[in-house]
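[1] Here is a sequence with its predicted model. Questions after.
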Amino acid sequence: MRVDELLKKPRSGDVLSHQELVYLLDLAPDSMESYMVMAEANRFSKELSGGKAEVHAQFAVNLAPCPYDCLFCSFAKVNGVFNESKELKPEKAVDYALQFERDGANAVFLMSTATYPFGRFIEVSQEVKRSLQPETTLIANVGDQTLKHAVKLKDAGFSGVYHAVRLREGKDTRLSVKGRKESIANFKEAGLEVGTCVEPVGPEHTNEELAEMIAFTASFDPAYSGAARRIPIPGTAIARLGTISEARMAQIVAVTRLGMPRSVTGNCTHEPCTLGAIGGANLFWAEVGANPRDTEQSTENGRGETVSSCHAIFKESGWDVGNGPSRYYNSVTTEY
Ligand code: SF4
């Protein structure tokens, strides 16, 4: 296979095969060919998003030990990082959301742990929705949901959700691939746009696994796909497996972009970094409050980036950031 020949396929609307994705993922991250892949993914991402990156901003409405025990998550009960449950007062949730809106986030995300009562999540969300500009894009990042609950999220004013089948779902987590996929179908049926990602990538994941996950994310035409590496939670069993480099993550981000159809305008990476943006990532997240990758209760005192620091990283990487509501989530109706 020749890389320059493969790079022509997404341009002409052809989908890369499993073998072709594996071939690109097999390249050394610091090879000339990988840099060609990253350059083409960057060009393609800019073409599809009109050269405008986005910054979305997330806060958690609660913090709790979670029985689903995703080994990479600081909320997992098994990891013993957080032993008490706490939830935000609605006024604090509104403060966080308004701050993100003032900071110019293109979308505001409300996250909860998987067992947080759905009714309370809707109540807080409605308070937040009432306080924001009507056009501000509101996104939910919650556990698996029935169609009935998905419709309630839509009715509460959410434009979309973030949801992913995580790598080794069911092995490194107590959730099932089937349940995750059913939720994605429920969200879509309810009219919510779904953003997703190939995550959380560790050194143990094979290129075949990554290629399969890239193809799965492409299969449901998400608002965005992308790739994110696993951030080690100190002292946990899975942290001992190590962490991939930003260079490797940038390569996977680039291959993911090239593995998506042209209808997918967004390509995310987390955590924000210049190499990821150079590899074609056009979506970063700012975070405050509890964060599943952090051992701080308030990630603004830890790993969390701000909207303005995400803007700065994009600028350093040669990207402009769009103003106003997310186009990735509202691709049909919204213009910058
Ligand atoms: S990722 Fe979600 S479901 Fe898994 S342990 Fe963390 S909060 Fe629970």
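    Sure thing, it's come through.
[2] residues from the stretch 51-200 of the chain in reach of the ligand?
    Neighbours of the ligand within the stretch 51-200 of the chain, by CB under 6 Å from any ligand atom: 66, 68-70, 73, 75-76, 113-114, 143, 173. For glycine as for every other residue, the C-beta is placed from the backbone atoms N, C-alpha and C.
[3] Tell me the helices and strands packed up against the longest strand seen in the chain.
    Across the chain, the longest stretch assigned as strand under DSSP state E is strand 52-60. For strand 52-60, the helices and strands in contact under the criterion 3 or more CB pairs under 8 Å, 6 or more residues apart in numbering; DSSP states H and E are helix 90-103, strand 107-111, strand 283-288, helix 307-316, strand 320-321.
[4] Pick the most buried one from the ones you listed.
    strand 283-288 (a mean of 26; mean count of other CB atoms under 10 Å).
[5] Show me what residue 285 bridges to in the sheet.
    residue 56 (DSSP bridges).
[6] Contact partners for it?
    55-58, 109, 268, 270, 272, 305, 310 (CB atoms under 8 Å, 6 or more residues apart in numbering).
[7] farthest pair in those residues?
    109 and 272 (14.6 Å; CB to CB).
[8] so which of the helices and strands packed on strand 52-60 comes closest to residue 204?
    strand 283-288 (24.5 Å).
[9] Give me the angle between the closest one and strand 52-60.
    On the basis of axes from the mean of the first three to the mean of the last three CA atoms, to 10 degrees, strand 283-288 is oriented at 30 degrees to strand 52-60.
[10] can you give me how far strand 283-288 is from the chain middle?
    Taking CA atoms, centre = their mean, to the nearest Å, one finds the center of strand 283-288 at 9 Å from the center of the full chain.
[11] Kindly reformat the helices and strands packed on strand 52-60 as a markdown table and extend each row with mean pLDDT.
    A markdown table is the format used below for the helices and strands packed on strand 52-60 (pLDDT from 0 to 100):
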| stretch | mean pLDDT |
| --- | --- |
| helix 90-103 | 97 |
| strand 107-111 | 98 |
| strand 283-288 | 97 |
| helix 307-316 | 98 |
| strand 320-321 | 98 |
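[12] export the ones you listed to CSV and tack on distance to residue 153?
    Formatted as CSV, the helices and strands packed on strand 52-60 follow (distance: least, CB to CB, whole Å):
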stretch, distance to residue 153
helix 90-103, 16
strand 107-111, 10
strand 283-288, 19
helix 307-316, 24
strand 320-321, 27
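[13] what pairs with the next helix or strand after the longest strand of the chain, and is each one parallel or antiparallel?
    Using DSSP states H and E, the next helix or strand after strand 52-60 towards the C-terminus is strand 62-63. When pairing is defined by DSSP bridges, strand 62-63 lines up against strand 86-87 (antiparallel).
[14] which residue ranges form the strands in this protein?
    Using DSSP E, the strands assigned to the chain run over residues 52-60, 62-63, 86-87, 107-111, 138-141, 160-162, 193-195, 198-201, 224-229, 266-270, 283-288, 320-321.
[15] and the direction of the fourth one versus that of strand 52-60, what angle?
    Right, the one you point to is strand 107-111. Going by the same axes, to 10 degrees, strand 107-111 makes 30 degrees with strand 52-60.
[16] which residues are contacting strand 107-111?
    Outside strand 107-111, the residues touching it (CB under 8 Å, 6+ apart) are 54, 56-61, 93, 97, 100-101, 121, 124-125, 128, 132, 136-142, 159, 162, 285, 290, 325-326, 329.
[17] and what of the fifth one?
    Here strand 138-141 makes contact (CB under 8 Å, 6+ apart) with 56, 58, 107-112, 121, 125, 128-129, 132, 153, 157-163, 192, 195, 329.
[18] ok, now with 7 Å
    56, 58, 107-111, 129, 132, 153, 157-162, 329 (CB atoms under 7 Å, 6 or more residues apart in numbering).
[19] go on, the second one?
    The contact list for strand 62-63, computed with CB under 7 Å, 6+ apart, reads 82, 85-88, 112-113, 116, 290, 297.
[20] Selecting buried members of those in PyMOL, what would you type?
    Buried residues among the contacts of strand 62-63 (16 or more other CB atoms under 10 Å), as a PyMOL selection:
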select buried, resi 82+87+88+112+113+116+290+297
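[21] Save the contacts of strand 62-63 as TSV, and put in pLDDT and distance to residue 220 too.
    Below are the contacts of strand 62-63 laid out as TSV (pLDDT from 0 to 100; distance: CB to CB, whole Å):
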residue	pLDDT	distance to residue 220
82	94	32
85	95	33
86	95	34
87	95	31
88	95	31
112	97	23
113	96	24
116	97	25
290	89	28
297	89	34
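[22] from the contacts of strand 62-63, which is closest to the ligand?
    Nearest to the ligand among the contacts of strand 62-63, counting by CB to the nearest ligand atom, is residue 113 at 4.0 Å.
[23] In contact with the closest one: list those residues for me.
    Per CB under 7 Å, 6+ apart, neighbours of residue 113: 62, 64, 66, 75.
[24] list the contacts for the third one?
    Each residue near residue 66 by CB under 7 Å, 6+ apart is listed here: 73, 75-77, 113-115.
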